[in-house]
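Asker: Give me a 3D structure for the following:
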Amino acid sequence: GVLKPWDVVPKRAALLNDGRELETSVDFTPWYWREKPYLRIRNVPVNELSDEVLVIRLEFDEALSE
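Answerer: Residues are numbered from 1 along each chain as shown. Model (predicted):
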């Protein structure tokens with residue numbers, strides 16, 4: 001199945017590789033500006049950890065609907 005974009009800000013977003021907290025927001029994206037805003041995860045250290053698979057844990061206050 002395809003994972004649809006979420007429009008809910010998580011309570012917490014953590015990079016499991018090293019435990020650091022990541023910044024999240026719900027924003028419009030440039031290529032979908034006519035659509036609703038979606039969850040955005042910022043400052044993911046892709047260059048710093050370029051030789052690792054990045055795993056992000058998102059914690060929400062409530063269950064997400066499909």
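Asker: Helix, strand or coil: sort out the spatially most central residue of the chain for me.
Answerer: Centroid-nearest residue in the chain: Ile41, 3.7 Å away (criterion: CA atoms, centre = their mean). Using DSSP: H, G, I helix; E, B strand; the rest coil, the structure places Ile41 in strand.
Asker: you'd agree it is up against Asp27?
Answerer: No - here Ile41 does not reach Asp27: they are 10.7 Å apart, not a contact under CB atoms under 8 Å. Placement of C-beta: from N, CA and C, glycine included.
Asker: Look at Thr24 and say how many residues are nearby.
Answerer: For Thr24, the neighbour count with other CB atoms under 10 Å is 19.
Asker: Tell me who's in contact with it.
Answerer: Contacts for Thr24 (CB atoms under 8 Å, 6 or more residues apart in numbering) come out as Val9, Pro10, Ala13, Leu39, Arg40, Ile41, Arg42, Leu58.
Asker: Would you mind writing the ChimeraX command to select the buried ones in these?
Answerer: A single ChimeraX command is used to select the members of the contacts of Thr24 judged buried by 16 or more other CB atoms under 10 Å:
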select :10,13,39,58
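Asker: show me where pLDDT drops low in the protein?
Answerer: Applying pLDDT under 70 to the chain picks out residues 1-3, 31-33, 65-66.
Asker: how about the strands in it?
Answerer: 12-15, 23-27, 38-42, 56-59 (DSSP state E).
Asker: Check which helices and strands the first one sits against.
Answerer: So that's strand 12-15. With contacts defined as 3 or more CB pairs under 8 Å, 6 or more residues apart in numbering; DSSP states H and E, the packing partners of strand 12-15 are strand 56-59.
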